[in-house]
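Trainee: this one's sequence-less:
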């Protein structure tokens with residue numbers, strides 16, 4: 001449970017940073033941002049592995065770049081589920097996914113030490 005909360009917190013930090021760098025990502029308030037981070041952490045733990053398995057041939061053919069599309073789809077899914085979060089375009093979702101992935105990767109590296 002702590003691992004899921006930690007992943008959600010890192011995703012929330014990534015969302016917060018993405019609001020400064022990505023145009024087209026909007027949050028109603030800080031609570032929505034944090035809940036969206038927790039929701040993204042849950043989606044990445046449950047839905048994302050299923051999507052990775054289902055799209056494995058496409059991921060292999062694209063040399064792994066299709067994983068960026070899956071990450072952007074997870075951001076879009078969270079925006080669709082969350083009232084108070086909007087993502088204007090696929091480009092905004094892709095940029096947000098990249099920033100959230102980098103922040104989660106760095107945060108996870110520090111958390112393991």
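Mentor: Yep, that arrived. Quick caveat: nothing in here was measured; it's all calculated off a predicted structure. Numbers count the residues shown, from 1 in each chain.
Trainee: Now residue 25, what are its backbone angles?
Mentor: phi -110, psi 120 (degrees, to the nearest 10).
Trainee: who's in contact with it?
Mentor: Residues near residue 25 by C-beta atoms under 8 Å, 6 or more residues apart in numbering: 15, 18-19, 86-88, 92, 95-96. For every residue, glycine as well, the C-beta is placed using N, CA and C.
Trainee: Neighbour-wise, which one of these leads?
Mentor: Tallying neighbours with other C-beta atoms under 10 Å puts residue 96 at the head of the contacts of residue 25, with 28 neighbours.
Trainee: mind listing the helices for this structure?
Mentor: Under the criterion DSSP state H, the chain contains helices at 2-21, 30-54, 56-61, 66-81, 90-112.
Trainee: Need the ones you listed in TSV (columns: mean pLDDT).
Mentor: Shown next, in TSV, are these (pLDDT from 0 to 100):
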stretch	mean pLDDT
helix 2-21	90
helix 30-54	93
helix 56-61	95
helix 66-81	96
helix 90-112	93
